[in-house]
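Colleague: Coordinates for the following, if possible.
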Amino acid sequence: MKVLVTGATGFTGGHLARHLLGAGHDVAVLVRPPSVARAADLVAAGAEVRAGDLTDAAAVQKAAAGCEVVYHIAATYREAGQGDAAYTRVNVDGTRHLLEAAHRGGARRVVHCSTGGVHGHIEHPPANEDAPLAPGDVYQRTKLEAEQLARSFGQQHGLDVVIARPIGIYGPGDMRFLKMFRGLARGRFPMLGRGDVFYHLTYVTDLARGFQLCGEVPAAAGRTYILAGPEYTTLEELVRLIAAELKVAPPRVHFPVWPVWVAGALCEAVCIPLGIDPPLFRRRVDFYRKSRAFDTSRARAELGYNPSIDLRTGIHQTASWYRDSGLL
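Modeller: So this is what the prediction gives:
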């Protein structure tokens, strides 16, 4: 079928576009004009580039024309110096433009990528889709607003909308976890707190398959799914697994969390108004103090979602890519 993928020049969207191409679909990708050159590998693989920005309703309308299923992966993430209005403009208003374009263009379904972060700290792990919602920052708040908008739009206009909440995405090509791998490899990864919070990772190829199921399983219409890996661990155990793969000793010293959290708040207060990326910020400290552990029973039962890459294999493949790319 003809499908549209937004965010295809990013890590997750790129893997999804290539996965759908491999599954035999006719794939178009919405790419911001300044990023068209970055889509060269997708074009070589058979994708059609449709240039446009989510904030441009007319461009989005053209991009969605003729597409049966739209996979909305694009979002603005956390960037220094970016005000709250920028998150609303892309994550909320951009989603509205996409929904309207998909509806007018005759799409039968929109798969909207949200985030497991809308649940915040998991008080009673593992959490399922009905767990309390407690977004902790402007990114998570606007992602929650966007998924609520998508759900409401689908109900009002008779458009199939499926909400996907991915958890801890990693794998070859990911740059977010590089700091952790590199820090451990060089003996410079700080451990804050006791390390007993839970952390849940999802290998990107498993996630791409989950998105495809969200787009194709008829019974998924109107539903929300957590897409996560087959296992979660404590942060302490995750660090040990990565250290073992890198053949280094895990950190022995644990530092207290709260002084570092306060220092992060001060860094943000000084740097962000100046448009400077803070050397330390609270979200990074929250990695050490907020539990992330999820139950994928609904996706398994209703979609046939079956993540196959266990944590050790995923860590090995990710570390191998970092090594081969000269990043470690």
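
Colleague: which helices and strands does the helix or strand of the chain with the lowest mean pLDDT pack with?
Modeller: When the helices and strands of the chain are compared on mean pLDDT, DSSP states H and E, helix 282-286 comes out lowest with a mean of 74. Applying 3 or more CB pairs under 8 Å, 6 or more residues apart in numbering; DSSP states H and E, we find helix 282-286 packed against helix 258-271. (C-beta placed from N, C-alpha, C; glycine too.)

Colleague: quick one: buried residues of the helix it packs on?
Modeller: For helix 258-271, the neighbour count (16 or more other CB atoms under 10 Å) marks 260, 261, 263, 264, 267, 268, 271 as buried.

Colleague: For the stretch 201-328 of the chain, just list every one of the strands.
Modeller: All strands of the stretch 201-328 of the chain, identified by DSSP state E, counting those that start in this stretch, fall at 202-203, 224-227, 232-234, 254-255.

Colleague: JSON lines for those, including mean pLDDT?
Modeller: Shown next, in JSON lines, are those (pLDDT from 0 to 100):
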{"stretch": "strand 202-203", "mean pLDDT": "98"}
{"stretch": "strand 224-227", "mean pLDDT": "98"}
{"stretch": "strand 232-234", "mean pLDDT": "97"}
{"stretch": "strand 254-255", "mean pLDDT": "88"}
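
Colleague: if I look at residue 242, how far off is residue 98?
Modeller: Note on residue 242: its distance to residue 98, by CB to CB, to the nearest Å, is 36 Å.

Colleague: cool, residue 147 as well?
Modeller: Residue 147 is 13 Å from residue 98, by CB to CB.

Colleague: Looking at the two, which one has more neighbours?
Modeller: Neighbour tally, residue 147 and residue 98, criterion other CB atoms under 10 Å: the higher count belongs to residue 98, 28 against 24.

Colleague: residues contacting that one?
Modeller: 6, 54, 60, 64, 70, 72, 110 (CB atoms under 8 Å, 6 or more residues apart in numbering).

Colleague: residue ranges of the strands in the stretch 51-200 of the chain, please?
Modeller: Using DSSP E, counting those that start in this stretch, the strands of the stretch 51-200 of the chain run over residues 69-72, 109-113, 160-166, 169-170, 191-192, 198-200.

Colleague: quick check: angle from the third one to strand 109-113?
Modeller: Same thing as strand 160-166. Strand 160-166 and strand 109-113 are oriented at 20 degrees to each other (axes from the mean of the first three to the mean of the last three CA atoms, to 10 degrees).

Colleague: partners of strand 160-166, with directions?
Modeller: Sheet pairing of strand 160-166 (DSSP bridges) gives strand 109-113 (parallel), strand 224-227 (parallel).
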